[in-house]
Structures are given as structure tokens and as C-alpha cells.
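S.K.: Quick one, structure for this:
(3 chains)
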Amino acid sequence: MTEMPTPRLAADVFQQRLLDWFDRHGRHDLPWQSPRSAYRVWVSEIMLQQTQVTTVIPYFERFMARFPTLEALAAAPQDEVLHLWTGLGYYARARNLHKAAQEALDSHGGQLPTHSVEALTALPGIGRSTAGAIIAQSTGQRAAILDGNVKRSLARLHAVAGWTGKPAVERRLWALADYYTPETRLADYTQAMMDFGATLCKRSTPLCEHCPFNDVCLAYAQGETKRYPESKPKKVLPTRETIMLLLHDRDGRVWLEQRPASGLWGGLWSLPQFDGQERLNDWLADNVVRPERLSPMPCLTHTFSHFRLAITPQPVSCDRLQGVREGGTWYDPAHPPAIGLAAPVKTLINQLAPFSLKSTPGRA
DNA sequence: CAAGCGTGGTG
DNA sequence: TCACCAAGCTT
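M.R.: Numbering: from 1, shown residues only, chains lettered A, B, ... in the order given. The predicted structure is shown next:
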């Protein structure tokens, strides 16, 4: 399938050097490594997508304590899965994880289909690299991975030009990743590749003096390690404006609404959000909200990956409510156990973050 | 294929 | 303070 690449060194030599390095300097005590099961590896790989190890570990521990098995995950309400994901970001991962667990229960006898990359990638949230990581680590079958660490390492070793997210560049890196993948010690090799990229062939300040490949690395030979991998072409961050309404009743409870099932903060709970003053006025009228006193709110901005959100300085707080219709619920900041981001609000911007409720309380 | 999707760390 | 981006996948 993949064309034969031009290697920098023979595959068996590459594997030997990497595994020697891994035995000495690799990470051998990550939570998902012991006990190592397909389920635990799967959950960890999903959490680790675009997310650092140190961030993931506490989320992984909590998740495993609550959902120790695939069956437990499949049986849970989505709200509860999102609850444990709150603060981790990329919430489609949680929705897909939940859905995939149910599909595995229905169609694969409650087990992950780890017999092939194709079967795994058929599940929502599992792409080629994640499938390879799950298979290699949980079954020891030969399967390649190509995550950010491997992309960066191989781009340097081979001085691969171009942004590694570009399909043509990615194809070439997949061919290299596949070429170097061994037939044995797949779990160790896979972990070794990720550890190598994360701790030695780092994005900035790679430790080339200690690298087992510094005699064959093209980027190092050219003195150009900083050039690889090339960064994504920059684009101007668009700014979106929005109004977020902070309503609270006399008990200090806050009105939250569940967001649409997909898109930004999909399925989570947040302050009601409006495109403009017009929409806000409509909502206030529909809900018979009669604020007696409005308090000003400073203009806030929140930067997302692809845009900057500006929260306009509207009067968005009121002390008295005549009535609010359906579509949301009251959240008591003083009794936060059901809320994911329950920690005492440090800054106002955090109040705009999404929430996930374990269950939906009754309407006000 | 390009855009959408979060949050926290880093220099 | 701020640009940059990390164990990617979906649409």
C-alpha cells in the first residue's frame, strides 16, 4: 500500500537503537501501562489526542475509577461522561468515546475489535494512528502510529519539508513510520517512539547531543533542527462577538442552558449565549425576564484555537426574575458537586466556560 | 481538502 | 503579554 521510502538507516538498526534508548530513558510507569488492557489504552489514547500527558493523568484516573470497564462506560448517560471530561477540551472525543463503547457492546460482544486497524477505525473517534497505538500496545500486533511526536522525529531525521499536516507530507511520513515499525516488542516500540519525541526530540530545544540518531539525522547534520517540522501556515484569527447572559435568582443560583449536541462545547452546559442584542431581547421577552437592576460587565475575550471570542460589555446580570421558561436549569454555585467546573470561580471568564451536569435537575 | 474543535504549557 | 502548539479526528 505505502510506497517504499528511502531510509536513513536499516529498520532493524533503528529499532535496536530506539529500544535501547527506551529501556534506559523511556517512561515505564504511566497509569495506562499497568494494568494494560485494550480498554484502558483506548481511553488513554483518546484523552491524549492533542493533549499533554501531565494534563491527562488526573482525568484518566478519575475516568477509570468511575468507568472501570467498557460496559460501565456504555451504560452511563452521556451527561456523566461529559462531566468527567469537563475541562479537558475537544468534547467530541467524549461523545465519540461513549458512542463507540455502545457500538462495541452491541456489535463486538463488549470488546474492542483489536484484530484490525480497519475494525477499530470504523468506531467513532478512532483514526489510523489511534488504532495503531491501541493494537500495538494491547495486542502486540504490528501496527504503525503517526502522532505529533513521530511526525516531528521523522521530519527531522529525514529533513522532510512542508507542514506535517499537509496530506502529501503526511503520506510520506506514514511510509517512513511503517518502514521503521518492527515485528516484535510492538508495545515498547510504540511507547518508545512517543517518549522519544516527547522527551528527547522535543519541539524546541531537542537534546541532540544525547540522541541515538544524531549520526544519521539530516536536520542535525544541516544544523537545522529548528526548521523541522515546518509550522502550519498562519492565518488571521477571526473575532466573533457574542453576548452571554448571566442570570441569577435571589438564592444566587445561575441559569444554565444545554448547548447543541455538536459544535463548540457540544452537549455541555453554559450561560445562555446570543448572537446579538436583538436575539437577547427576544429571549428576554420570551422568557418574561424582567431585570430590575442591570449590572455592567467588563468586555472579555476568550481565545479559542480558531477564533477569538469577544463578550460584549452588555448588562448581563439581574437580581430579580419574573420567570424563565424551559431549556435550562438553575445551578447553585455553592453546591457544585454535579458540575464539572465546580471549583470556585477564579475569574469571570471561567464563568463562561461550559459545565456538565451529572443529571438534569428539575426546572425552576 | 480545509476548516472546526479546547485547554494549558512554554519561550 | 502573546504567538505557538500538543499522544488527531470528523465533516
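S.K.: in chain A, what spans have low per-residue confidence?
M.R.: Along chain A, segments meeting pLDDT under 70 span A:1-3, A:291-299, A:313-321, A:332-353, A:356-364.
S.K.: what helix or strand does A:Leu247 sit in?
M.R.: Using DSSP states H and E, A:Leu247 falls within strand A:246-247.
S.K.: Name the strands paired with that strand and say parallel or antiparallel.
M.R.: strand A:317-318 (parallel) (DSSP bridges).
S.K.: ok, now how distant is A:Gly26 from A:Ser153?
M.R.: Counting by CB to CB, to the nearest Å, the gap from A:Gly26 to A:Ser153 is 14 Å. Where you see a C-beta, it was placed from the backbone N, CA and C, and this is true even at glycine.
S.K.: Which neighbours do the two have in common?
M.R.: Residues touching both A:Gly26 and A:Ser153 (CB atoms under 8 Å, 6 or more residues apart in numbering) are A:Phe196.
S.K.: quick one: which of these two has more around it?
M.R.: Set A:Gly26 next to A:Ser153 and count neighbours by other CB atoms under 10 Å: A:Ser153 wins out with 30 against 20.
S.K.: Can you tell me the SS state at that one?
M.R.: Assigned with DSSP: H, G, I helix; E, B strand; the rest coil, A:Ser153 falls in the helix class.
S.K.: Can you give me the neighbour number for the residue of the stretch 251-364 of chain A at minimum distance from DNA strand C?
M.R.: As assessed by CB to the nearest atom of the strand, DNA strand C sits closest to A:Ser305 within the stretch 251-364 of chain A, at 5.7 Å. Neighbour count of A:Ser305, defined by other CB under 10 Å: 8.
S.K.: As a check, name the ranges of all strands in the stretch 201-350 of chain A.
M.R.: Assigned by DSSP state E, counting those that start in this stretch, the stretch 201-350 of chain A shows strands spanning A:239-244, A:246-247, A:254-258, A:269-270, A:273-274, A:300-303, A:308-311, A:317-318, A:328-331.
S.K.: Does the fourth one reach DNA strand B?
M.R.: Put plainly, it is strand A:269-270. No - Strand A:269-270 stays out of contact with DNA strand B when judged by CB under 7 Å from any atom of the strand, the minimum separation being 9.4 Å.
S.K.: so how far is that strand off the chain centroid?
M.R.: 19 Å (CA atoms, centre = their mean, to the nearest Å).
S.K.: So which elements touch it?
M.R.: Applying 3 or more CB pairs under 8 Å, 6 or more residues apart in numbering; DSSP states H and E, one finds that strand A:269-270 makes contact with strand A:254-258.
S.K.: next one: the longest one
M.R.: For strand A:239-244, the contact count by 3+ CB pairs under 8 Å, 6+ apart identifies strand A:273-274, helix A:277-286, strand A:308-311 as packing neighbours.
S.K.: How many residues are close by the closest residue to A:Cys211 other than its chain neighbours?
M.R.: Distances taken as CB to CB, 6 or more residues apart in numbering put A:Leu200 closest to A:Cys211, at 6.0 Å, once the chain neighbours are dropped. For A:Leu200, the count of nearby residues is 19 (other CB under 10 Å).
S.K.: Now do A:Leu48 against A:Arg152, distance only.
M.R.: 15 Å.
S.K.: Could you give the backbone dihedrals for the residue in the stretch 101-250 of chain A that DNA strand C sits nearest to?
M.R.: Nearest residue of the stretch 101-250 of chain A to DNA strand C: A:Gly127, at 2.4 Å (CB to the nearest atom of the strand). With angles defined as degrees, to the nearest 10, A:Gly127 sits at phi -100, psi -170.
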